[in-house]
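**Q** Predicted model, plus sequence, below.
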Amino acid sequence: MDIKKLLFVTKFEELGFDALQSLLSLRKASLNHVVFVNVIERDRVAMHRGAGYLKEEEIRLRETANIRFIDWAEDLFEMGMEVGVYIVVGSMVSEVIKAAKKEESDLIVIGRPHKGVLETLYSGSDVTELLRRAATPVLVYKQLSETTISIEKPFEKPLLAIDWSPASLRAVEYLKVLKDVINEIHIIHVVSQKELKGTSAMEIQSIRKKTRKKLDKICDIFEEIGVKADAHVYIGNAEQEIEKAAREHQASMIVLGSSGKTAWVERWLGSTPQSIAEDSIYPTLLIPFEKK
Amino acid sequence: MGKKVLVVDDDPDVRLFSVTVLEEHGYTPLEAANGEEGLKLIKERKPDLIILDVLMPRQSGIRLYRELKTDKALKNIKVIILSGIAKKTFLRSQKALTEFGGKEVPEPEIYLEKPVEPDELAETIKKFLG
């Protein structure tokens, strides 16, 4: 599970070259190939009333993207890296999935989605849709302008939130590969209030002890490969507690296994990974469960 | 049948442009949309000349050029680089790859920066193939 090839998906306004540069520490974890993807949404060029297909607009948008990518690619080529590019007209998620498959990429990086509440409710967000369909881990990057924290090296101090699902255990495997990039890792589990309802102080302490023991075992995995790891148990609402933990431990990123819920369930009931990816101020790395 | 010239470029408009120039001057064009496809065609069809883009999906022209020039059977095929990427970058990239433990490769015979006029391309091809 190496990270050799990264798919950098950008519309330019939400994700720039500074974001990519902050990810280049992944070269220590064998990253040597970056593929730029720019998707021109079909409705920007297709079938406008009275104008038909706006071919000239498509060419203008393509060339604008191309000029930026050439500039970025020159920097990467000069470092001895391999660079590729896709500038395509279509639907964002489908084109990203297609490119990820063609390129057999190990990580997809996208910016935070900018859809409104209603739009997200009815059509879903690109992140949710990507997670549902991609077998590749997705990093939802947050720009410096959007957040109060400084993210110079997002992989330096990740916070891994574990819910013991297959996806979150896969996240452990994924992060192990990054041992040369990670300085220290904080591993947390959030126990919900529901799990504690009606239990005595003794039982609550026992739940904490049991959870902590399980987390310590995960920490041992990281310590064995030379990464400092600390375990923490939180109690309450998962989204709020994960965000709180990231703040308390000055994390550079939040890592979660994606829930594997269906798109319908995620759209109407929500999911922790989706909410954190969209609302947290921290870059969020979502590891999907293994799709066959 | 004219001499075979392989055009490796992911942009279909650029391929069409080069193919039209080649056909007008009596050469036999072959086409590939990325470095991987290009290498496959080079091995199968042994072209006399390659017109190679740099920034492409799957495999860039920088890697394909390196594979060509380090392959005994293919290294004598002439290459024209036709790209939006600056020549300086191409050379620095090859230098970096050599420093990472790769073999040293010669500079490309001709480096043209996009866009190029049809006459300029035709003249350049003529220089190599007559």
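**A** Yep, it's here.
**Q** would A:Leu285 count as being in a strand?
**A** Yes: assessed with DSSP: H, G, I helix; E, B strand; the rest coil, A:Leu285 lies in a strand.
**Q** Can you report how many residues neighbour the residue in the stretch 1-150 of chain A positioned nearest to chain B?
**A** Nearest to chain B in the stretch 1-150 of chain A, going by CB to the nearest CB, is A:Gly80, at a distance of 3.2 Å. Any C-beta I mention is one placed from the backbone N, CA and C, and that applies to glycine too. For A:Gly80, the count of nearby residues is 19 (other CB atoms under 10 Å in any protein chain shown).
**Q** excluding its backbone neighbours, what's nearest it?
**A** Leaving aside its chain neighbours, A:Gly80 sits nearest to B:Ala96 (3.2 Å; criterion: CB to CB, 6 or more residues apart in numbering or on different chains).
**Q** What of B:Ile85?
**A** Per CB to CB, 6+ apart, closest to B:Ile85 is B:Val54, 4.2 Å.
**Q** Hmm, that neighbour is touching B:Arg66, no?
**A** No: applying CB atoms under 8 Å, one finds B:Val54 not in contact with B:Arg66, separated by 11.7 Å.
**Q** Looking at these two, which one has more neighbours?
**A** B:Val54 (30 against 19).
**Q** Can you classify whichever residue of the stretch 151-292 of chain A sits closest to chain B by secondary structure?
**A** Of all residues in the stretch 151-292 of chain A, A:Asp180 sits closest to chain B, at 16.8 Å by CB to the nearest CB. Under the three-state scheme (three-state DSSP), A:Asp180 adopts coil.
**Q** ok, B:Lys72 to chain A distance?
**A** 23 Å (CB to the nearest CB, to the nearest Å).
**Q** show me the contacts for the residue most central in space within chain B.
**A** By CA atoms, centre = their mean, chain B has its centre lying nearest to B:Leu52, at 2.3 Å. By CB atoms under 8 Å, 6 or more residues apart in numbering or on different chains, the contact set of B:Leu52 is B:Val8, B:Asp9, B:Gly38, B:Gly61, B:Leu64, B:Tyr65, B:Val79, B:Ile80, B:Ile81, B:Leu82, B:Ser83, B:Pro108.
**Q** what residues does the stretch 51-200 of chain A put near chain B?
**A** A:66, A:69-70, A:73-74, A:77-80, A:82-86, A:99, A:102-103 (CB under 8 Å from any CB of the partner chain).
**Q** gap between the helix or strand where B:Arg15 lies and the chain center?
**A** For B:Arg15, the host element (DSSP states H and E) is helix B:12-24. On the basis of CA atoms, centre = their mean, to the nearest Å, helix B:12-24 sits 14 Å off its chain's mean C-alpha point.
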